[in-house]
Structures are given as structure tokens and as C-alpha cells.
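1. for reference, the sequence and a predicted model appear below.
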Amino acid sequence: MRVVMSGAVGALTLALGIEVSGQGPSRAADANGARTPSFTLERILAAPFPSGIAPARGTAGRVAWISLEQGRRGVWVAAAAEGGGVRAARVASFASDDGQELGALSLSHDGRVVAFVRGQGYNARRENPNPASDPAGAEQAVWVSVNGTAARRVGQGSNPSVSPGGQFVLFQRDSTIMIAPANGSTQPRALFRGRGVNTQTQWSLDGRMVAFTSQRGTHALVGVFDRQADSIRWIAPGVDRDASPRWSPDGRRIAFLRGGGGPGVTAFMIGDPLTGEARELWRTDGGATGRLRSPTAGESFLWAGGHLVFFMEPDGWQHLYALHVDGPAMAPVRLTSGECEVEEPSATTDGATIYYSSNCGDIDRKHIWRVATAGGRPPEQLTSGQGIEYAPAVSGNWLVHFAGDARRPIVPRGVSLAAGGWRSVALAGAPAVPRDFPSDALVEPRGVEYRTEDGTLIRGQLFVPPGARNAPAVIFTHGGPMRQMLLGWHPRGYYNRAYALNQYLAARGYVVLSVNYRGGVGYGREFREAPRRGRSGASEYQDVVGGARLLQTLAEVDSTRIGLWGGSYGGFLTAYGMVKHPELFKSGVDLHGVHDWNARLLAGGPPPAPGTREDSLYQVGLTSSPVCCVQDLRGPLLLIHGDDDRNVAYSETVNLVTLLRRENKPFELLVFPDEVHDFLRHGNWVRTYAATVDFFDRTLMRGQAVSGLPAR
């Protein structure tokens, strides 16, 4: 058995026998029979990836985002340029691939002050992620840039909020709200001392008051700290869970959510920050059809002029609704509709129009739309075709968004709203796709549909190498499970990289099928909440088997050489497939997968007594877990995990390896000390994918058995 541990890139490259940089050899195939692509793995992972877009709320026309390029992280701001157009400039740069993530962007109203967080929060042992194993340790800290100057560290903390005028920045340090001058003239201090965990800070328009949420275990309160009076006023305190305060555009009222009164029941409250009084604007019906929805991307609700805009799915599809705040009580007005889903709303300065992303009319892509906040006329689709456009962010008369397609990676683009129509332009000065990026060498995945054994309609993306015939095939299953893979470069960094690997596998001669199994988003509530998923019966595994049956019908595929790969929930489905259908799936790559649903049920305690209700749940969880059938495993598994994983416990892999060793089953192992779930270092992703490609080349392309027995 070959155990590959993380180490120097050069050493691992030699061990795997796969080139990860440079142009690579020009021969048609390597020793394993795999095609040699015209590009390398590192090259297809080299494009900058933008994320975390945040607009300035005023009329300045400034938008910020985070860029990640081969492990180098930075913050960029796009601003309307004199004479037209939008020009981007970098205000923060961290050149080392140390895995210290950037996020939580906050801008002043004129966009000239930008705050953000560097590093992630504690695990259960109060350890910050330190994937580079830096002997000095790591931290989570707030940084700020003023007027385009290089960003400087403010202090340890998270969740920054810049005051409208840009003079101050608030942030959270453990349970305390801190305040610091943006220019660094004095050290941070506690804004006030208070009980509970205080978070979700929101500045009033004039900067005098700060709304916040105080979480207190059994309940949560919304409060307002008055900086001028040095006092706290609670807004209609009660026994419910109040959260998400939002100031009205005129700064005179606060909207917030009140959870309580039954499962899924939420009320929109409108409070007066000066008196502490509040009234209920509208209450959901609760249950599956009446509850609010929190989208996987974008804000859960926002003010738009005199309306509150939010998400619901009474007909089973996630759409936008608007509540008129003033006048007599009215039911929400539905703004969007159809068997499709909406995300990422952004309102114009006057609140009259909402821009958003949606898969309406193109279920496996995302495009940008707009709709009048007051309703009354149908939404207008602004982008279409083969591209993927998302994350619209409006500031003043400019909208910045992200865009790519099947071959061209995601880049930021700008649109002048003052010009009328829709003309998306590149942002001068912004990070661009490298000139040698192999766009022309990539395949166009095609959308496929098939029915599973129980009749469920499943969609996926099929990558077929040119001229493929009797080729090995690989099924990719995403994590989440509330994700949706698209027909192009993905909006989330984890799956953007996965798309790159699927393209690279196709370039090496594999047919790749990416399966959007039940439990994912994009296809409505019935699909997302399909019965007997996960620990309740693994019904979604039928969708993986159905994908394999589809592949077996294709002339391009050798039906005896099908493998699996996926991460997190996709790791679970990979390992489960390898033990449930060993005659069908010949090898698998499992990244930080769930292997035993009962590990969370038991939380370290003993199994329940036989014959009890708890035992019944335990037995279903066991048969739905890869550990159920380790003795049936035939083909080899490659297990990859970081030992500081905060999503899927590292013990999931430790325990599975123990069973594999006990049963003398073939597996390989790649461990990253101090890495988290979504690997933070670019170099670790390169090593992970290089190991994946090498493993499939040996076990599927060439079909050799994994040498040796499990390590003792």
C-alpha cells in the first residue's frame, strides 16, 4: 500500500510521476495510456478567481471584491472613471500562499474606505486555521484601506462594518463589539459592555447609532447603541429570536426578523430606534410552503426604497417577494415566477429596481435579470446565451458583476446603468485571465438528463474528449449537498477548481459526468428536500448509479472502467458507491468525506439498546453509511483529508482507515496537517488534483491494481 503524505511540491511530483508545471511532453499518451494534454494541471488552475463582491451603498459607483490567484490573495475596488468606464485598483495584496483567507468586505458610502477580514475563526479548541504550519501561529484580524492606500491591520476580530462617512470601523471580537478609527489614529476599544454574544452591527445613516443583535441562548434581542447619548435601547424585547437588523434608506426605522410562534414562522418587524417601539409588518405562515428562504448566495432580505424584498417558495421554487412598508397591511407582492430559482438581489440607489441572478429559462446556467420593486410588470432578462453571469452589485449608476462560460474563466465586468440597455465591459486594471490560459483546448460540457430507478429526473454535465471511444469514465459528485453544478466555470471557488479538474481529466482522455443529485439547489424544493436522503436512506445514491448506467450506454465509454470522485458530501457518495456497487465502480477518490452518519448521532456515546426507536434510526444510519459494507470493497480508494477540518471531522477518515486496514482493503492516503475542509493553500489543491489524476491513470486508464496491502 502506498501512503502519500503532504510534503514539498517537488518531492510529491516525483512520487506521483505527473508533471504539474511547464508545457509538458508532446507525446500522445503516457505510460498509463492517458492522453498528454496541451496544457498542464497548474496552468488550468492559474486563472484569478473573483468572489465576495460588495458595493458602496451611496452614489459613488464603487464596488469591491476579493481576488485569489494561485494562492495570492488581494482586494480590488472598481470605480467609475472620468470620461466613462470603470477602472479597478488593488488596495490589499498578500503574496504568500499561506492560506490566510480574505472575506467580509465592508465599504463606506463613498467606497473610499474598505474593511475586510484576513484569516478564519476558531475551531472548538480556539485555534485559528494555520495550513502553512507557521510556527508563529495564525489569527483572524480586521484590515482597512483608506483612499486606496495599502491596507493596514486594525486588530483581531471579524465582521467589520465601516461607518457611512468612513471615519470608523466596527468589528466583533469574541462577543464584544469593538470600534476603531479607520485612519488608525487610536487603538480599538469596546463600543460598549453588554451581555450575550453581540453581532450583526448596522450603522445608522448619520453614523450616530449602531443597531446590533444580542444572542442570549434562549432568545435574541435587537438593540440600538446611541453613541451620542452613550446608551442602549432595546427594540420591542421579548422571548423570540430577533435578528438581522436593517436600517431604512432614510435612516429613521429598523427592519428586523422575529423568529417564533411555530416551525418556520417568521415576522417582519419595523422598529423605531428612538422609542424602542416596533410593529409587526407581516408574518409568514410557516411550514414548507410559507417559510422564508435563505439563498445560497446573496442577502436574505433588503430594503429597496419603501419596500422589503425577500425570498419565499410557496409553489416550491425560490423567488423574490416585496412588502410595502407604509400604508395599510398588505400581502407580499410576488416579483418573479417560474420553475426556476432566483438569488443575489441588489437594489438601485432609489430602490426602484432589483437586479438579480437566476437560472430561469436556462436551468443549468445563471444569468442576470432585473425587476421593478413595486411589481406590475414582468422581469427583464439582461444576459443570455452560453455564458454564466452572476453576482450583480449596484453602486450609483454602475453595476459590476462576474461572468464566464464553459471555456473562459470568471472575470469581473461593468455595466453603466445611466447609458440604458445592457453593455457589459471589461474593467480596466482588473486581474485578467492569463494569455496562455488554455481556453481553446477545453471541451464544451453538454447538459444531460436521465431517470433513476425510482423515476426521479436527474440533470448533469457531460465532458466528452474529442474522438473518445471505449474510454474510461469518472463521475463527479459535488458537496453540500445544497449545490448546483453548471455548464461552465462555477461561481464558488471550491467547485470552480473542481470544474478545472473535470476539464483536465477530459483532456487526459476520460469521459466525465458531473451529477446534480437530489438534495441540491436550482431545481425546486421537492428536489432539494427529497425524502430518505443522507442518513435517512441515501436515496440520492440512486442518482449516482443512474449516472453510471447512462455512461454504460455511450459508445465513448468503456463500461468496465468507471470511477468516482467528490468532496465532502461527494466524498460520502464516492465511498458509498465503492462499497455498495464494487462491480460497477472500479476506483474512487474521496476528499474529506462523511463515512459514518451515526458518528454525529452518537456524539461519542454507545450504540442505542436494540429494539428502541433510537436503534431503528441507528440501523438506518448505518446502512446509509460507507462503513456499512467495507468488507465488500474491491477497487482501491484514495482518501484525502486535512486534519483541522471544521466541517467533516477528521475522525471520519481515521475510523474508515481503521476498518480498511482490518479488512485488508486497498487504499491510498494523502493527509494535509493543519488544513481545513476547503483547502486554503493553492499548493495543496495542486497536490490533491495531481494525486487524483495519477490515481485514476493507474487504476482506471491503465487498470493496474494498487500495490501492497494497507499500512499497519
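-> Noted; the coordinates are in hand.

2. by mean pLDDT, point me to the weakest helix or strand of the chain.
-> Sorting the helices and strands of the chain by mean pLDDT, DSSP states H and E puts helix 9-16 at the bottom, at a mean of 30.

3. which elements pack onto the very next helix or strand once past that one?
-> Once the chain leaves helix 9-16, the next helix or strand it forms, by DSSP states H and E, is helix 41-44. Where contact means 3 or more Cβ pairs under 8 Å, 6 or more residues apart in numbering; DSSP states H and E, helix 41-44 is packed against helix 493-507, helix 682-696. All C-beta atoms are positioned from the backbone trio N, CA, C, and that covers glycine.

4. what residues sit buried inside whichever helix or strand comes after the first one?
-> With elements assigned by DSSP H and E, the helix or strand that comes after helix 493-507 is strand 511-516. Of all the residues in strand 511-516, those buried under the rule 16 or more other Cβ atoms under 10 Å are V511, V512, L513, S514, V515, N516.

5. next, the angle from strand 511-516 to helix 493-507.
-> Interaxial angle, strand 511-516 versus helix 493-507 (axes from the mean of the first three to the mean of the last three Cα atoms, to 10 degrees): 150 degrees.

6. confirm A575 sits in a helix?
-> Yes: assessed by DSSP: H, G, I helix; E, B strand; the rest coil, A575 belongs to a helix.

7. what's the longest strand in the protein?
-> strand 557-567 (DSSP state E).

8. now that strand, how far from the centre of its chain.
-> Taking Cα atoms, centre = their mean, to the nearest Å, one finds the center of strand 557-567 at 26 Å from the center of the full chain.

9. just checking, what packs against that strand?
-> In terms of contacts (3+ Cβ pairs under 8 Å, 6+ apart), strand 557-567 is packed against strand 471-477, helix 541-552, helix 569-580, strand 587-591, helix 682-696.

10. rebuild those as JSON lines, extending it with distance to G420 and mean pLDDT.
-> Formatted as JSON lines, these follow (distance: least, Cβ to Cβ, whole Å; pLDDT from 0 to 100):
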{"stretch": "strand 471-477", "distance to G420": "42", "mean pLDDT": "98"}
{"stretch": "helix 541-552", "distance to G420": "45", "mean pLDDT": "98"}
{"stretch": "helix 569-580", "distance to G420": "44", "mean pLDDT": "98"}
{"stretch": "strand 587-591", "distance to G420": "47", "mean pLDDT": "98"}
{"stretch": "helix 682-696", "distance to G420": "41", "mean pLDDT": "98"}
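
11. can I get the ones you listed in CSV with mean neighbour count?
-> Output for those, formatted as CSV (neighbours: other Cβ atoms under 10 Å):
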stretch, mean neighbour count
strand 471-477, 28
helix 541-552, 21
helix 569-580, 28
strand 587-591, 30
helix 682-696, 23
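
12. can those go into CSV with extra columns for distance to P245?
-> CSV is the format used below for the helices and strands packed on strand 557-567 (distance: least, Cβ to Cβ, whole Å):
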stretch, distance to P245
strand 471-477, 39
helix 541-552, 41
helix 569-580, 33
strand 587-591, 38
helix 682-696, 37
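
13. D272 is nearest to which of the ones you listed?
-> Closest approach to D272 among the helices and strands packed on strand 557-567 is made by helix 569-580 (44.7 Å; Cβ to Cβ).

14. what angle separates the closest one from strand 511-516?
-> Using the same axes, to 10 degrees: helix 569-580 against strand 511-516 is 110 degrees.

15. residues in contact with helix 569-580?
-> Outside of helix 569-580, the residues within contact range by Cβ atoms under 8 Å, 6 or more residues apart in numbering are 475-481, 517, 519, 538, 540-541, 544-545, 564-566, 584-585, 587-595, 624-626, 628-630, 632-633, 635, 637, 648, 656.

16. run the last query once more with 6 Å
-> Residues from elsewhere that reach helix 569-580 (Cβ atoms under 6 Å, 6 or more residues apart in numbering): 477-481, 541, 544, 564, 566, 585, 588, 590-595, 626, 629, 632-633, 637.

17. ditto for stretch 210-220
-> Stretch 210-220 is contacted from outside by 196-203, 221-225, 239, 241-243, 245, 254, using Cβ under 6 Å, 6+ apart.

18. so which of these are in strands?
-> Per DSSP E, those map to strands at 197-203, 221-225, 241-243, 245, 254.

19. I'd like to know which of those are buried.
-> If we count by 16+ other Cβ under 10 Å, these have these buried: 198-203, 221-225, 241-243, 245, 254.

20. now, which of the residues you listed sits nearest V91?
-> V91 has its nearest neighbour among those in W203, at 20.6 Å by Cβ to Cβ.

21. now for the closest one: which residues touch it?
-> Residues in contact with W203 (Cβ under 6 Å, 6+ apart) are S163, P164, V210.
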